[in-house]
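A.B. asks: Mind folding the following:
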Amino acid sequence: MVLRLLQNDHEVVVWDRSEETIEKIQKEGAIGASSLEYLVTKLASRKARWMMVPEEKPVDEIFALESGVHYINCGTSGGVWGLKNGYCLIYGGESGGAAFMEPIFKTLAPKNGYVNYGESGTGQMVKMVYNGIEYGMMQAYAEIFEILEKSSYDIDLKAIADAWQYGSEIRSWVLELAGLALEADPKLDDLEGYVSDSGEGRWTVQTAMDFVVPVHVNTAALYTRSQSRQEESFAMKMLTALRNQFGDHAVKSKS
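C.D. replies: Numbering: from 1, shown residues only. A predicted model of the protein is given here:
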């Protein structure tokens with residue numbers, strides 16, 4: 001994101017807990033700061049401070065600032081492609097502060113790719129449920145491609161992903177990324193089926209429970225990720241044991 005700003009003639013002062021990161025971005029034209037306090041002194045009288053921090057303690061540390069600060073929370077999407085294509089910016093905050101930040105949003109986002117959703121907090125709320133959609137889409141694509149991969153037909157999965165991008169109701173950027181992954185590794189042999197999560201799916205499900213909203217797809221996708229991280233599931237062994245006990249169904253034994 002700093003590189004995209006620098007490429008469009010913004011003056012950027014940067015600080016990071018990693019000195020190596022600061023030195024790297026300085027070489028691209030940014031002004032490095034040795035501390036947060038020094039960073040503040042290098043900015044203009046009315047300051048625009050963009051903080052990319054994880055939740056909880058680091059946030060509290062960063063927010064221990066002077067009064068008179070207008071807070072704008074901005075959910076960001078675009079990932080590693082954002083430098084080239086721009087970032088979708090989903091933000092919330094009062095109009096005065098948001099208007100002051102608009103030149104930055106305009107640079108970082110593609111055309112029509114940013115909007116103020118309302119009061120501070122709404123941006124992160126919208127971004128959270130956006131990620132819930134992402135969880136469901138990825139899970140749906142993953143399951144369908146497994147059906148095709150398991151079939152007796154010799155199907156070119158990359159060709160399918162590409163064809164679905166033209167005129168079909170299920171075309172999407174996520175599907176395009178599936179095609180890129182299959183092009184690099186047609187059978188995904190180089191990957192382990194271990195899927196992490198960075199919290200957004202959990203927050204979406206928890207919020208849905210608070211609002212008494214059923215989110216079947218999101219919940220299933222979240223639990224599937226948890227199951228993928230189990231080396232051996234006791235629950236699956238218990239299911240096998242129970243089927244064997246009540247129906248004498250065959251089991252696979254380690255011995």
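
A.B. asks: From the contact counts, what lies against whichever helix or strand residue 124 is part of?
C.D. replies: In this structure, residue 124 sits in helix 122-150 according to DSSP states H and E. With contacts taken as 3 or more CB pairs under 8 Å, 6 or more residues apart in numbering; DSSP states H and E, helix 122-150 sits against strand 73-77, strand 88-92, helix 157-163, helix 173-184, helix 200-210, helix 216-228. From N, CA and C alone the C-beta is placed, and that goes for glycine too.

A.B. asks: who touches the lowest-mean-pLDDT helix or strand in the chain?
C.D. replies: Lowest by mean pLDDT, DSSP states H and E among the helices and strands of the chain is helix 57-62, with a mean of 71. Applying CB atoms under 8 Å, 6 or more residues apart in numbering, the external contacts of helix 57-62 come out as 36, 51, 53.

A.B. asks: Name the nearest of those relative to residue 99.
C.D. replies: residue 51 (19.4 Å; CB to CB).

A.B. asks: ranking the helices and strands packed on helix 122-150 by burial, who's on top?
C.D. replies: strand 88-92 (a mean of 23; mean count of other CB atoms under 10 Å).

A.B. asks: by how many degrees do it and strand 73-77 diverge?
C.D. replies: Relative orientation of strand 88-92 and strand 73-77, computed by axes from the mean of the first three to the mean of the last three CA atoms, to 10 degrees: 160 degrees.

A.B. asks: and the angle from strand 88-92 to helix 122-150?
C.D. replies: 140 degrees.

A.B. asks: which strands and helices sit next to the next helix or strand after strand 88-92?
C.D. replies: Per DSSP H and E, the first helix or strand lying C-terminal to strand 88-92 is helix 95-108. Judged by 3+ CB pairs under 8 Å, 6+ apart, the packing partners of helix 95-108 are helix 2-7, strand 88-92, strand 114-116.

A.B. asks: Secondary structure of residue 188: a helix, I assume?
C.D. replies: No - Residue 188: not assigned to a helix; according to DSSP: H, G, I helix; E, B strand; the rest coil it is coil.
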